[in-house]
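Chemist: mind looking at a prediction? Sequence and model below.
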Amino acid sequence: MTSEDSWVLVAHLVRPQGRNGELLADILTDFPERFAERRHLTLLSPDGKPRPIEIERHWLHKGRIVLKFSGIDSISDAESLRGFEVAIPRDQRAPLEEDSAYIDDLIGCHIIDVGSTRAGDIGPISAVDRETTNTPLLIIRAADNQQDLQIPFAKAYLKKIDLKEKRIEMSLPEGLLNINAPNPSE
């Protein structure tokens, strides 16, 4: 498994933590409890090369996770892994409830507005902002170098998700796409 699309990132190794080879990592998953279920993970080097590794133990620390891997027993061993990504095979992701989707599966999907008078293809999702509000915001990169569009990923707007076709149908309220448009009278 070498294709980047074959992996799902679950953590990013930031720096050594402690003297015995532990590493502090940013959590990149909504399921950090699954680290307790996993013994075998894969490290992806900055150039994307996979390296199988076994996890000995882990614990949460100030919104991050500390990972101790087998064979990584010193600060210098841990330092050699700084910047690596911790990944699992895509087919080992946690199962989701019906009508749910992984955020990385949404990237590249086209938003199709099926409800307003301006119905049509709004554009592809380039990112998802989960930090600004309680409802994730789908970011659509503006084609004309104007401000990016932000569309709430709300069930009230959602009509159909077809991940195979990379298509998300939504019934967007009138004016939603113009909220951040520049005011012509200024």
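Modeler: Received, thanks.
Chemist: going forward, measure contacts and count neighbours with C-alpha atoms only.
Modeler: Fine.
Chemist: so what touches the lowest-mean-pLDDT helix or strand in the chain?
Modeler: Counting by mean pLDDT, DSSP states H and E, the chain has its least confident helix or strand at helix 103-106, which shows a mean of 83. Counting by Cα atoms under 8 Å, 6 or more residues apart in numbering, the neighbours of helix 103-106 from elsewhere in the structure are 125, 128, 163, 166.
Chemist: which parts of that helix are buried?
Modeler: L106 (16 or more other Cα atoms under 10 Å).
Chemist: beyond that helix, next helix or strand please.
Modeler: With elements assigned by DSSP states H and E, the helix or strand that comes after helix 103-106 is strand 110-113.
Chemist: CA atoms only for that following strand - export them in PDB, please.
Modeler: Listed next in PDB are the C-alpha coordinates belonging to strand 110-113 (Å, rounded to 0.1, in the frame of the first residue of the first chain):
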ATOM      1  CA  HIS A 110     -18.800  19.300  -5.900                       C
ATOM      2  CA  ILE A 111     -21.600  21.100  -4.100                       C
ATOM      3  CA  ILE A 112     -24.700  21.100  -6.300                       C
ATOM      4  CA  ASP A 113     -27.400  23.600  -5.200                       C
END
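Chemist: now the helix or strand following it: how far from the chain's centre is it?
Modeler: Using DSSP H and E, the next helix or strand after strand 110-113 towards the C-terminus is strand 120-129. For strand 120-129, the distance from its own C-alpha centre to the chain's C-alpha centre is 15 Å (Cα atoms, centre = their mean, to the nearest Å).
Chemist: then stretch 104-122?
Modeler: For stretch 104-122, the separation from the chain centroid amounts to 19 Å (computed by Cα atoms, centre = their mean).
Chemist: for stretch 100-110, measure first residue to last.
Modeler: Terminal residues of stretch 100-110 are spaced 17 Å apart (Cα to Cα, to the nearest Å).
Chemist: meant to ask about stretch 149-168, not that
Modeler: From the first residue to the last, stretch 149-168 extends over 15 Å; the measure is Cα to Cα.
Chemist: rebuild the contacts of helix 103-106 as a markdown table, extending it with distance to L96 and neighbour count.
Modeler: Conversion of the contacts of helix 103-106 to a markdown table gives the following (distance: Cα to Cα, whole Å; neighbours: other Cα atoms under 10 Å):
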| residue | distance to L96 | neighbour count |
| --- | --- | --- |
| I125 | 21 | 23 |
| V128 | 18 | 19 |
| L163 | 14 | 15 |
| K166 | 18 | 16 |
